[in-house]
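Enquirer: Got a predicted model here, sequence first, then my questions.
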Amino acid sequence: MAEKTKRLTTAQATIEFLQKQFVERDGIEQAFFAGCFGIFGHGNVGGIGQALFQYLAFKYYQSRNEQAMVHTAIAYAKVKNRLGAFVCTSSIGPGATNMVTGAATATINRLPVLLLPGDIFAKRLVDPVLQQLEYQYSKDLSVNDCFKPVSRYWDRINRPEQLIPAMMNAMRILTSPAETGAVTIAIPQDVQAEAYDFPLSFFKKRAWQIPRIRADKNILQKAAAIISQARNPVIIAGGGVIYSDACNELKKLVNRTGIPVAETFAGKGSLRFDEPQNLGAAGVTGTPGAIAACEKADVIIGIGTRYSDFTTVSQGGFQNPSVQFINLNVSEFDSFKQGALPVVGDAKESIKELDKLLKDYKVPDKYDGAIKKSHTDWNKIVDKVYSLNHGIPVSQGEVIGAVNNFSSAKDIVVCAAGSLPGDLHKLWKTADSKGFHLEYGYSCMGYEIAGGLGAKMADPSREVYVMVGDGSYLMLSQEIITSIQEGYKLTIILLNNNGYASIGGLSKSLGTKGFGTVYKYRDKKTGQLTGNYLPVDLATNAESLGATVIRTKSIDEFRLALADAKKENKTTVIYIETDREQRVNGYAWWEVPVAEVSTVSSVKESLEKLQNNKKKQKYHL
């Protein structure tokens, strides 16, 4: 007996399939997709656009920039602990390639987003079509092939029936804790509108199980045996702790054993800031206590971390010659890093099982005391930075402190690039696992406002504070319009330091004196960008996009503005200028190349420092 079918266009079948997809973890079931962001053009308006028009229950959201809408989708998935996602659709050509940066951001951060870029004609009767890249050695190529290296799964649908296995594979990857990231399904514009008799079984409700994979018992026992002999163990908590909802299990383990925790950017919030075992930020942007503990550690226990160079201090952060690594990670790929004993499994379950095996273990009293002292000492430093009273222009640390002290534990701070992430990583007192939202896997400028929107959409009950510098603001600020259109209120802290302050500081450390990093006129005599600051009015720009804007100069005015902004019911921008030269101290080195030969003395000095720092680097295979 032939299976019953339903005649739909490929695009209609896509949307009908997507709205029937659910996920289930720990017995809790929820719809996976919250809707679709899109900007229409000739690559998708008659296909996916028509399908969204027909299936109004699958909510469509307008966006202003294709890259930004992917950032919004990423932030949504992050707040949802990867149990919810968005679809993003674009036209062909520049609309599609604008999403490539977003795809890379999602894949690097291990966050699910489904991309449906329009594509050229599959039939090839009209060739080349507007915005088509012509590759003379093959007709089976378009700009959408750019998505291949930045996607966890990629497919092109040249026939309607190809949609069935492609979408099943897409869902397999999107819902996999170990494999998730960007999924790209490129659908040629003629195929989107082409009809086919799809089997009804394709459209049945599916609840994809999110497994809590158990680690191998023998390997767990080996891990416990190594830890039980450790005198100076350190846990490096990554994003996997939070995505697995393992924060309570981590707290129980470290409170009982005294093992200290250093947090990555993605892992900050794994442990409340006031827990005595929390040493704060790990790595290049880390606290003195966390850096020192990692340097001396005899056992490093990485939980849900991918060990970026910021976490490892460019592989110079672990100086104990007998240091051993144990990695608890759902991803086999990440679990083997640093030559570790790989404990492949869900973070929550692995921590619970390890806790049982370590029931009689505690760190030595002397080590426990040193850890608690480091914790207390750092919080005193934070309080000093928060109350600096630098004057006008204010210091960035004061601004962070004002927002941190004003906001509630459940509120979310969002940031991504510039000097703010490093300062936030060290300073922000995180009291909720979702309170600290940093995109630092790709550190993508422009993520901030779009990401803030996604965070607010994921949990409207929380106040969202977007902290963004002038550099990132000028790259992607237009999603202010989307937040107002959809009624999702953000409080945007817009810091103007007249240029790229973070890279300016890095440039100085390399001996190039901040070259090309300040927003200044070109000097007519020297030909260099050393004239007066550019007269750009960012506050008025934000106002023109529909935001309520509060202009401040002093830290007292800024604090009052925070209270006023909370009373607003639409997106509000608090504008303030900060001193680009007043920096929060850094305590670790980060490897960036320095010219081996130069006529500039400051570059020569920086090269010597680099060579000395590189002596600390080790291979951890």
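Expert: Cool, got the structure.
Enquirer: end-to-end on stretch 265-272?
Expert: Distance across stretch 265-272, first residue to last, is 14 Å (Cα to Cα, to the nearest Å).
Enquirer: And for stretch 407-424?
Expert: 14 Å.
Enquirer: Same check on stretch 294-308?
Expert: 15 Å.
Enquirer: And for residue 357, the neighbour number?
Expert: Neighbour count of residue 357, defined by other Cβ atoms under 10 Å: 16. Where you see a C-beta, it was placed from the backbone N, CA and C, and this is true even at glycine.
Enquirer: With residue 339 instead?
Expert: Residue crowding around residue 339 was assessed by other Cβ under 10 Å; the count is 13.
Enquirer: Correct me if wrong: it contacts residue 326.
Expert: No - using Cβ atoms under 8 Å, residue 339 is not in contact with residue 326; the gap is 10.8 Å.
Enquirer: Give me the longest helix you can find in this structure.
Expert: helix 365-386 (DSSP state H).
Enquirer: Show me the shaky parts of the stretch 251-400 of the chain.
Expert: The stretch 251-400 of the chain contains no residues with pLDDT under 70.
Enquirer: Just the helices from it, written as ranges.
Expert: Using DSSP state H, counting those that start in this stretch, the helices of the stretch 251-400 of the chain run over residues 288-296, 309-312, 332-335, 347-357, 365-386, 396-406.
Enquirer: Out of those, which is closest to residue 561?
Expert: helix 396-406 (9.2 Å; Cβ to Cβ).
Enquirer: residues in contact with whichever helix or strand comes after that closest one?
Expert: As assigned by DSSP states H and E, the chain's next helix or strand after helix 396-406 is strand 412-415. Under the criterion Cβ atoms under 8 Å, 6 or more residues apart in numbering, residues 75, 79, 403-404, 407, 421, 424, 428, 434-439, 448, 451-452, 455, 459, 462-468 lie in contact with strand 412-415.
Enquirer: isn't residue 327 right up against residue 339?
Expert: No - counting by Cβ under 8 Å, residue 327 does not reach residue 339; the two are 9.7 Å apart.
Enquirer: Using the record's domain definitions, break this structure down for me.
Expert: 5-209, 217-377, 387-498+534-577 (automatic domain parsing).
Enquirer: Dump the ones you listed to CSV, plus distance to residue 596.
Expert: What follows is these, written out as CSV (distance: least, Cβ to Cβ, whole Å):
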stretch, distance to residue 596
domain 5-209, 30
domain 217-377, 18
domain 387-498+534-577, 26
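Enquirer: Quick one, which of these gets closest to residue 603.
Expert: Using Cβ to Cβ, the nearest of those to residue 603 is domain 217-377, at 19.4 Å.
Enquirer: helix, strand or coil for residue 61?
Expert: For residue 61, the assignment made with DSSP: H, G, I helix; E, B strand; the rest coil gives strand.
Enquirer: and the helix or strand of the chain with the lowest mean pLDDT, how far from the chain's centre?
Expert: The helix or strand of the chain with the poorest confidence is helix 501-509; it has a mean of 87 (mean pLDDT, DSSP states H and E). Relative to its chain's centre, helix 501-509 lies at 22 Å (Cα atoms, centre = their mean, to the nearest Å).
Enquirer: what's the following helix or strand after it?
Expert: helix 538-544.
Enquirer: Kindly export that following helix (C-alpha atoms) in CSV.
Expert: The C-alpha coordinates for helix 538-544 follow below in CSV (Å, rounded to 0.1, in the frame of the first residue of the first chain):
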residue,chain,number,x,y,z
LEU,A,538,26.7,58.3,18.3
ALA,A,539,24.0,59.3,20.8
THR,A,540,22.0,61.1,18.2
ASN,A,541,22.5,58.2,15.8
ALA,A,542,20.9,55.8,18.3
GLU,A,543,18.1,58.3,18.8
SER,A,544,17.5,58.3,15.0
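Enquirer: What sits closest to residue 24 if chain neighbours are left out?
Expert: Nearest non-adjacent residue to residue 24, counting by Cβ to Cβ, 6 or more residues apart in numbering: residue 207, 4.7 Å away.
Enquirer: What about residue 543, how many residues nearby?
Expert: Counted by other Cβ under 10 Å, the residues lying close to residue 543 total 16.
Enquirer: Got the confidence number for the nearest residue to it once chain neighbours are set aside?
Expert: Nearest-residue entry for residue 543: residue 549, 4.6 Å, with adjacent residues in sequence omitted and distances by Cβ to Cβ, 6+ apart. Predicted confidence (pLDDT) at residue 549: the value is 98.
Enquirer: Would you agree residue 549 is in contact with residue 538?
Expert: No - Residue 549 is beyond contact range of residue 538, at 9.4 Å (criterion: Cβ under 8 Å).
Enquirer: out of the contacts of strand 412-415, which are inside strands?
Expert: Among the contacts of strand 412-415, the members found in strands (DSSP state E) are 436, 437, 438, 464, 465, 466, 467, 468.
Enquirer: Looking at these, which is nearest residue 503?
Expert: residue 468 (15.6 Å).
Enquirer: my guess is the closest one contacts residue 447, does it?
Expert: No - if you go by Cβ under 8 Å, residue 468 and residue 447 don't touch, sitting 9.1 Å apart.
Enquirer: Of those two, which one has the most company?
Expert: Comparing residue 468 with residue 447 by other Cβ under 10 Å, the one with more neighbours is residue 447, at 34 against 29.
Enquirer: Tell me who's in contact with that one.
Expert: 71, 74, 75, 105, 416, 417, 439, 472, 476.
Enquirer: Got phi/psi on the last one?
Expert: Looking back up the chat, that one is residue 476. phi -150, psi 90 (degrees, to the nearest 10).
Enquirer: Name the nearest residue to it, ignoring sequence neighbours.
Expert: residue 446 (3.1 Å).
Enquirer: Run a quick neighbour tally on the one you found.
Expert: Neighbours of residue 446 under the rule other Cβ under 10 Å: 26.
Enquirer: quick one, the one helix or strand residue 493 maps to and helix 396-406 angle?
Expert: In this structure, residue 493 sits in strand 491-496 according to DSSP H and E. Angle between the axes of strand 491-496 and helix 396-406 is 170 degrees (criterion: axes from the mean of the first three to the mean of the last three Cα atoms, to 10 degrees).
Enquirer: any idea of the angle strand 491-496 forms with strand 464-469?
Expert: Using the same axes, to 10 degrees: strand 491-496 against strand 464-469 is 10 degrees.
Enquirer: what pairs with strand 491-496, and is each one parallel or antiparallel?
Expert: strand 464-469 (parallel), strand 572-577 (parallel) (DSSP bridges).
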